[in-house]
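In: sequence unknown, structure follows:
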């Protein structure tokens, strides 16, 4: 029976030897990767920092322009607000005139008005007529022409010698014509 | 140094470390790798990523600033176009309440249209708090007059034609009884104007 004898010298400090072996054969890979990463980061950081500085400067300049222009912006907003209000009031004025003109032209001569109430776009018309047919014609004309979305006839009462009525008109739908 | 090493330990490449039965190298390799990754690569990459995030944020801010400046240029151009009309806008909607002017406008229109004034009053005006220039402040005038419907209709039209803008909020035209003359109707109205 042959006995194998390892004649190779084995160091007593095996760990040290293995460590050195590791350093020479493996650690270099780690170091190279680390170096490459650090160099990559270094150059990229320089480039990024330069861009950040340039952008910071540019933003500061633009902010200065914005700060200087603040009174101009306030003036613009003020007049825009005013123009919106003007536009709204003008539209409402025209609408009221159109509504009144329409309403007055629609009422038959045979009907006598006793009251007209306007409240924020809605009208309440009260009146009387000797012949109820006139009230029906007036009401149907309003319905047919459909300028107001809400038309309701109420309080149709027979009084001494005439017929009283109350018509509520609201929600004018032909605003685009104003 | 290599001469002292056993030939069986000399690797051909880095991947042989995984083939060895001796795990000391593998452990050392992971230990050292972890050390370098944690203390060198990670902080470096973190810095780079943070710088990248900051750069992106600044680019966005810069873009917004560009948009704001473009808007300012447009605003400036619009203001130059409208500059001559500003005075007119200020006469349509006053900067201050100017109640006397409001009353005199209405009174003159009433007189011009044969409407007999019986009551005219203004309430609920806050003259102390400063106008914050955000919304127009309303002044409501309430009045009671007697006259015909045609006169009142002309009054409405005339008020609408006045330079300072006014808007009818409410009006009530009543014939007190059937025998009342059509030229003496009782009319209540609420007229509003505003300032900004």
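Out: The structure has been received and is ready for your questions. For clarity, every value in this text was computed on a predicted model and none was experimentally measured.
In: Can you give me the neighbour number for residue A:98?
Out: 16 (other CB atoms under 10 Å in any protein chain shown). Backbone N, C-alpha and C define where each C-beta goes, glycine included.
In: next SSE after the helix or strand harbouring it?
Out: In the assignment (DSSP states H and E), residue A:98 maps to helix A:70-106. Next helix or strand after helix A:70-106 toward the C-terminus (DSSP H and E): strand A:112-119.
In: So which bits of that next one are buried?
Out: By neighbour count on 16 or more other CB atoms under 10 Å in any protein chain shown, the buried set for strand A:112-119 is A:113, A:114, A:116, A:117, A:118.
In: Other residues contacting that strand?
Out: A:96, A:103, A:107, A:123-129, A:164, B:149, B:168-175, B:178 (CB atoms under 8 Å, 6 or more residues apart in numbering or on different chains).
In: distance of residue B:107 from chain A?
Out: Distance, residue B:107 to chain A, using CB to the nearest CB, to the nearest Å: 20 Å.
In: Correct me if wrong: that residue contacts residue B:115.
Out: No. With contacts counted by CB atoms under 8 Å, residue B:107 stays clear of residue B:115, the gap being 10.0 Å.
In: more neighbours, these two?
Out: residue B:115 (21 against 13).
In: Was I right to think the more buried one contacts residue B:152?
Out: Yes. Counting by CB under 8 Å, residue B:152 is a contact partner of residue B:115 at 6.5 Å.
In: Tell me how many other residues surround the nearest residue to residue B:146 once chain neighbours are set aside.
Out: Distances taken as CB to CB, 6 or more residues apart in numbering or on different chains place residue B:116 nearest to residue B:146, at 4.7 Å, with adjacent residues excluded. Residue neighbour count, defined by other CB under 10 Å, stands at 13 for residue B:116.
In: residue contacts, the spatially most central residue of chain B?
Out: Residue closest to the average C-alpha location in chain B (CA atoms, centre = their mean): residue B:134, at 9.1 Å. Residue B:134 sits next to residue A:81 when contact means CB under 8 Å, 6+ apart.
In: any idea of the mean pLDDT in stretch B:76-94?
Out: Here stretch B:76-94 scores 91 as its mean pLDDT.
In: and that stretch, which residues are buried?
Out: For stretch B:76-94, the neighbour count (16+ other CB under 10 Å) marks B:89, B:92, B:93, B:94 as buried.
In: Tell me which of those fall in helices.
Out: Counted as lying in helices by DSSP state H, out of the buried residues of stretch B:76-94, are B:89, B:92.
In: tell me, which of the buried residues of stretch B:76-94 make contact with chain A?
Out: Applying CB under 8 Å from any CB of the partner chain to the buried residues of stretch B:76-94, one finds that B:89, B:92, B:93 fall near chain A.
In: quick one: the helix ranked longest in chain A to helix A:70-106, angle?
Out: Across chain A, the longest stretch assigned as helix under DSSP H is helix A:28-68. Compare the direction of helix A:28-68 with that of helix A:70-106 by axes from the mean of the first three to the mean of the last three CA atoms, to 10 degrees and you get 60 degrees.
In: what helices or strands is helix A:28-68 leaning on?
Out: Contacts defined by 3 or more CB pairs under 8 Å, 6 or more residues apart in numbering or on different chains; DSSP states H and E place helix A:28-68 against helix B:24-36, helix B:42-82.
In: Make TSV out of these and add distance to residue A:30.
Out: Shown next, in TSV, are the helices and strands packed on helix A:28-68 (distance: least, CB to CB, whole Å):
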stretch	distance to residue A:30
helix B:24-36	5
helix B:42-82	14
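In: Chain A: which of the ones you listed is closest?
Out: helix B:42-82 (3.8 Å; CB to the nearest CB).
In: and the angle for that closest one with helix A:28-68?
Out: 20 degrees.
In: Relative to the whole chain's centre, how far out is helix B:42-82?
Out: Mean-position distance between helix B:42-82 and its chain equals 21 Å (CA atoms, centre = their mean, to the nearest Å).
In: And for residue 49, the neighbour number?
Out: All of this is about chain A. Residues near residue A:49, counting by other CB under 10 Å, number 13.
In: oops, I was thinking of chain B
Out: For residue B:49, the tally of surrounding residues (other CB under 10 Å) stands at 11.
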